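>>> Generate a structure from the sequence data that follows.
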Amino acid sequence: MALRTRIAPSPTGDPHVGTAYVALFNYAWARKNGGQFVLRIEDTDRERSNATSERMIFESLHWLGLTWDEGPDVGGAHGPYRQSERFPIYREHAEQLVERGAAYPCFCTKERLDALREEQRAKKLPQATGYDGHCRTIPREEAAGRRAAREAHVIRLAMPREGETVVADLLRGEIRIDNRLVDDQILIKSDGYPTYHLANVVDDHLMEITHVIRAEEWISSLPKHAMLYRSFGWEEPVFCHLPLLRNADKSKISKRKNPVSLNYYRRAGYLPEAILNYLALMGWAISADREEFSLAEFVASFDLKNVTLGGPVFDLEKLTWMNGKYIRNLTIPELLARLRADVLSDEYLLKVLPLAHERIDKLEDFAEYARFFFVGEVAYDDEALGKLVAKKKTAAETAKALAEMLEESLDPLLDWTAAALEAAIRAYCDANGWKPGDLFMPVRIAVTGKAATPPLFETMEVLGREVCRRRLRRAVEVLRAMKAQTQPSARPEGV
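Numbering: from 1, shown residues only. Coordinates of the predicted model:
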């Protein structure tokens, strides 16, 4: 069988730098071995999956140059490649497991499961969120009758109660997990839709994936996945769990400490070849004394077995330094082409110009008036710094409101349009006792550094989600550094 790898992102938000990291290693291993690299969209999360996020995944991978051999927009013998298009396949395979006794219907109500969790927590049991197997002993005939009567139920995997599940990992050797710590995973939900675990294993098998290369956060799911392979009687793929990208404090990389959206890096003017070079260094090195290499050189030299397991730190300063080296290696015509492709593209300028058109008297005025559309961070002068604090509120209260609004209203917002932004921010104000006008000015200052700008929400739409979110987080940091008073007496360090 030809070597086949895959990347299987969920379209539930912005394309993540961690997705690019895992995609790069899957892509390189397939190309190195003359195999195929598959893209599959895992959209079993019906509430959060959306077409906008899926489109951004495609665009980001194409921008990086990580093209796939099979998947959406490519096709192939194993399609379709969206899990939402394959639900009958998963239900069929779940029924096979029920027939074999490897899975069973569970009729427990939400009320019983909630009571079970509370009891386990009270007893401080290690499996405090685990299912107790209550429906596992229901006779098959009785269970079949209750299903025929359309009693609400799920399908659960019957995990072994004793012993260990042992799975080989290419980098880590044998991984051994006590079966008592693994509950009977739901495979088919009460609405008939599959969970990630069943769909993932069925798809990997049917799509003939030979190497499952993914982040180490999935190790906890490995016993369930291995048991599914064994219950079906299928050969297991080679499992390889890559080390997680980390912040400097060794915590898992997150948007609260680093920009994680690939959209941010593209909008900020990072070069895709610099990003790929840097991500390749996360757990691998071409040689002890060399850090810069092309994607082609990476593929030619790459050996999956040589990935190191130390937690790689995603250092934004080092990435920026490396990106600067790549920029300086461009010729002037190449640099001009890159600027025109992204930061100064006609598409972007045509969004900015209508907002400046009625507000400038000389063409040279445009550069200063529209400056905040083209820079990364904005500076606050004394006037702007004062207005960053909402009227009749302290710096601490304004910081809290901006942070909550960002997390609750803007972070989940995929429809980044002026109308959607205004509705989201007004809804936050209504829910939290703020007058919209009191919060609009701090938001304006945060995202532009100015009190007088084009209309706020149209400006935020053009700036884009990543620029706005990063500037709002910066404003929260500035406010928290100020004394808790309406008008600051001193400017915080670095402002």
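>>> and residue 109, what does it touch?
residue 152 (C-beta atoms under 8 Å, 6 or more residues apart in numbering). From N, CA and C alone the C-beta is placed, and that goes for glycine too.
>>> how much space between it and residue 147?
Residue 109 sits 16 Å away from residue 147, going by C-beta to C-beta, to the nearest Å.
>>> show me where the protein has strands.
4-7, 36-39, 103-106, 154-157, 164-169, 173-178, 186-188, 211-215, 238-242 (DSSP state E).
>>> helices or strands next to the last one in the packing?
On a contact count with 3 or more C-beta pairs under 8 Å, 6 or more residues apart in numbering; DSSP states H and E, strand 238-242 meets helix 17-32, strand 164-169, strand 211-215.
>>> Name the stretch among the ones you listed that sits most buried.
Comparing the helices and strands packed on strand 238-242 by mean neighbour count (mean count of other C-beta atoms under 10 Å), helix 17-32 ranks first with a mean of 24.
>>> Averaged pLDDT, that one. What do you get?
Average pLDDT, helix 17-32: 97.
>>> please renumber so the chain begins at 192
With 192 as the first residue, the last one maps to helix 208-223.
>>> one step back: rebuild the helices and strands packed on strand 429-433 as CSV, extending it with distance to residue 660.
Formatted as CSV, those follow (distance: least, C-beta to C-beta, whole Å):
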stretch, distance to residue 660
helix 208-223, 15
strand 355-360, 36
strand 402-406, 23
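>>> returning to that earlier point: which of the strands of the chain is buried the deepest?
Once neighbours are counted as mean count of other C-beta under 10 Å, the most buried of these proves to be strand 195-198, having a mean of 26.
>>> Can you list the strands that that strand pairs with?
Applying DSSP bridges to the sheet, strand 195-198 is found paired with strand 227-230 (parallel).
>>> sorry, back to before: identify whichever of the strands of the chain lies nearest to residue 666.
strand 402-406 (31.7 Å; C-beta to C-beta).
>>> The closest one to strand 429-433, inter-axis angle?
In terms of direction (axes from the mean of the first three to the mean of the last three C-alpha atoms, to 10 degrees), strand 402-406 departs from strand 429-433 by 20 degrees.
>>> Which neighbouring elements make contact with strand 402-406?
If you count contacts as 3+ C-beta pairs under 8 Å, 6+ apart, strand 402-406 packs onto strand 195-198, helix 208-223, strand 429-433.
>>> Kindly recompute the last result at 6 Å.
Applying 3 or more C-beta pairs under 6 Å, 6 or more residues apart in numbering; DSSP states H and E, we find strand 402-406 packed against helix 208-223, strand 429-433.
>>> what's the offset of the last one from the middle of its chain?
Once both centres are worked out by C-alpha atoms, centre = their mean, to the nearest Å, strand 429-433 turns out to sit 20 Å from its chain's centre.
>>> contacting residues around that strand?
Under the contact criterion C-beta atoms under 6 Å, 6 or more residues apart in numbering, strand 429-433 has outside partners 360-362, 402-404, 406-407, 410.
>>> Please repeat the previous calculation with a cut-off of 8 Å.
212-213, 216, 358-363, 401-407, 409-410, 413, 474, 495, 498.
>>> Likewise for stretch 466-475?
With contacts defined as C-beta under 8 Å, 6+ apart, stretch 466-475 is touched by 208, 211-212, 215, 219, 255-257, 433-434, 436, 453, 456, 477, 482-486, 489, 493, 497-501, 503, 505, 509-510, 513-514, 517.
>>> Pull up the distance across it, start to finish.
One end of stretch 466-475 to the other measures 14 Å (C-alpha to C-alpha, to the nearest Å).
>>> before we move on, what about stretch 454-470?
First-to-last distance for stretch 454-470 - C-alpha to C-alpha - comes to 16 Å.
>>> Residue 630: neighbouring residues, count only.
When neighbours are defined as other C-beta atoms under 10 Å, residue 630 has 22 of them.
>>> So it sits against residue 580, correct?
No: applying C-beta atoms under 8 Å, one finds residue 630 not in contact with residue 580, separated by 11.3 Å.
>>> Got the confidence number for the nearest residue in space to residue 394 that is not next to it in sequence?
Nearest residue to residue 394, sequence neighbours excluded (C-beta to C-beta, 6 or more residues apart in numbering): residue 231, at 6.1 Å. If you check residue 231, the pLDDT there is 96.
>>> who's in contact with residue 543?
Going by C-beta under 8 Å, 6+ apart, the list of residues near residue 543 reads 561, 564, 653.
>>> Confirm for me that residue 292 is in contact with residue 327.
No: using C-beta under 8 Å as the test, residue 292 is too far from residue 327 to be in contact (10.3 Å).
>>> quick one: which of the strands of the chain is nearest residue 593?
strand 402-406 (31.2 Å).
>>> so what strands line up beside the closest one?
Looking at strand 402-406 with DSSP bridges, what it pairs with is strand 429-433 (parallel).
>>> Show me the shaky parts of the chain.
Across the chain, the ranges flagged by pLDDT under 70 are 317-320, 674-686.
>>> What are the structural domain limits within it?
The chain breaks down by automatic domain parsing into domains covering 195-275+437-512, 277-433, 549-672.
>>> re earlier: quick one: which of the helices and strands packed on strand 402-406 is nearest residue 544?
helix 208-223 (31.2 Å).
>>> Pull the distance from the closest one to the chain's centre.
15 Å.
>>> separation between residue 627 and residue 637?
15 Å.
>>> which of these two has more neighbours?
More crowded of residue 627 and residue 637, by other C-beta under 10 Å: residue 637, with 24 against 14.
>>> before we move on, back to that, any shared contact partners between residue 292 and residue 327?
Joint contacts of residue 292 and residue 327 (C-beta under 8 Å, 6+ apart) are residue 349.
>>> neighbour count winner among the two?
Applying other C-beta under 10 Å to residue 292 and residue 327 shows that residue 327 carries more neighbours, namely 15 against 10.
>>> OK, contacts around that one?
With C-beta under 8 Å, 6+ apart, residue 327 has these contacts: 295, 297, 347, 349, 375.
>>> again with residue 206
With C-beta under 8 Å, 6+ apart, residue 206 has these contacts: 200, 244, 247-248, 250-252, 452-454.
>>> Type out the ChimeraX command that picks the buried ones from these.
Buried residues within the contacts of residue 206, by 16 or more other C-beta atoms under 10 Å, are selected in ChimeraX with:
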select :200,244,247,248,251,252,452,453,454
